[in-house]
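Asks: following is a predicted model, sequence given first.
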Amino acid sequence: MRKPIMAGNWKMNKTISESLSFIESLKSSAAGISDIEILICPPFTSLFALREQMQGTQIALGAQNLFWEAKGAFTGEISPIMLKDSGCKYVLIGHSERRQYFGETDECVNKKTKAAFEAGLIPIVCVGETLKEREDNLTFKIIERQIRGGLSQLQPQYAKEIVIAYEPVWAIGTGKTASPKQAQEVHQFIRKTYESLYAGCAEGIRLLYGGSVKPDNISELMRQQDIDGGLVGGASLEPDSFLKLINYQK
Ligand code: 13P
């Protein structure tokens, strides 16, 4: 049985005090929930404060990025050990915004993924095609390249733990969600591709869908066989809508 994850990716939103008041509102409502993992990925600056505030709650903490080196002269970067130290359990890697605006490649995703595991973090590796790629019928080719390139040569014990998020770039922040059928088709393909890399591991790993996930489309997405959770931008910024996502109708 794969335990679903509902993950909020706040991107570059919320100051420390805004982050704290969000968790304050969510905390009590989330208290009894144990059948789904709740994850918040705030900006780096809020991590430590949230770690303190989330103690004793069901809410897990994740970062939105990391650098692959442990320490040294890399001005402006944050290492996996620092994230672990700040209370992170998860870290997002290769989000399409990082690929698009900051030039991240599959090779870089691979280095970051390995470094995250080495530090005891669980990577959530993001993949997804652009609108042009979908229109050119390249979706599966792109996804396969991102999976094989980004996730190659993982240690066997790590291969079982990874989380992969499928986020079609054309659905992010646009209000256009992939239909449950479109999403399922790609999720199934991701599982199959992953199985060919790491035999025996694909059935157990969790695959999240991201891209305009909202309270009114989450249930149908979650009913798909290979969708094990959501990676949510906009709708994770307000406690009310995030709570609706956590309590989606099964
Ligand atoms: P939206 O939910 O705002 O479309 O963002 C999705 C996303 O990029 C989550 O990582």
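Replies: In hand now; what should we look at?
Asks: what does the protein put close to the ligand?
Replies: Applying CB under 6 Å from any ligand atom, we find that the chain lies next to the ligand at 9, 95, 167, 172-173, 210-213, 231-235. For every residue, glycine as well, the C-beta is placed using N, CA and C.
Asks: which of these sits closest to the ligand?
Replies: Closest approach between the residues of the chain next to the ligand and the ligand, by CB to the nearest ligand atom: residue 233, at 2.4 Å.
Asks: please name the residues that touch that closest one.
Replies: With contact taken as CB atoms under 8 Å, 6 or more residues apart in numbering, residue 233 is in contact with 9-11, 172-173, 210.
Asks: reformat those as CSV; add neighbour count and pLDDT.
Replies: Formatted as CSV, those follow (neighbours: other CB atoms under 10 Å; pLDDT from 0 to 100):
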residue, neighbour count, pLDDT
9, 27, 98
10, 20, 98
11, 19, 98
172, 22, 93
173, 12, 89
210, 27, 97
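Asks: CSV please, covering those residues and showing secondary structure.
Replies: Shown next, in CSV, are the contacts of residue 233 (DSSP: H, G, I helix; E, B strand; the rest coil):
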residue, secondary structure
9, strand
10, coil
11, coil
172, coil
173, coil
210, strand
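Asks: among these, which pair sits farthest apart?
Replies: The largest separation in the contacts of residue 233, counting by CB to CB, is between 10 and 172 at 14.0 Å.
Asks: returning to what we had before: nearest to residue 117 among the contacts of residue 233?
Replies: residue 9 (20.0 Å).
Asks: which strand residues bridge the closest one?
Replies: The partner list for residue 9 in beta bridges (DSSP bridges) reads residue 41.
Asks: so it makes contact with residue 236?
Replies: Yes: between residue 9 and residue 236 there is a contact under CB atoms under 8 Å: 6.6 Å.
Asks: mind checking how far residue 5 is from the ligand?
Replies: Distance from residue 5 to the ligand, counting by CB to the nearest ligand atom, to the nearest Å: 12 Å.
Asks: what about that residue, how many neighbours?
Replies: Neighbour count for residue 5, taken as other CB atoms under 10 Å: 23.
Asks: want to throw the contacts of residue 233 into TSV with distance to residue 26?
Replies: Converted to TSV, the contacts of residue 233 look like this (distance: CB to CB, whole Å):
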residue	distance to residue 26
9	15
10	13
11	18
172	23
173	22
210	19
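Asks: going by distance to residue 185, which of these wins?
Replies: residue 210 (15.8 Å).
Asks: gap between the longest helix seen in the chain and the chain center?
Replies: The residue-count maximum for a helix in the chain (DSSP state H) belongs to helix 180-197. Taking CA atoms, centre = their mean, to the nearest Å, the mean C-alpha location of helix 180-197 is offset from the chain mean by 16 Å.
Asks: which strands and helices sit next to that helix?
Replies: Under the contact criterion of 3 or more CB pairs under 8 Å, 6 or more residues apart in numbering; DSSP states H and E, helix 180-197 touches helix 139-150, strand 163-166, strand 206-210, helix 218-222.
Asks: so for it, mean pLDDT?
Replies: Taken as a whole, helix 180-197 has an average pLDDT of 98.
Asks: relative to helix 139-150, how tilted is it?
Replies: 40 degrees (axes from the mean of the first three to the mean of the last three CA atoms, to 10 degrees).
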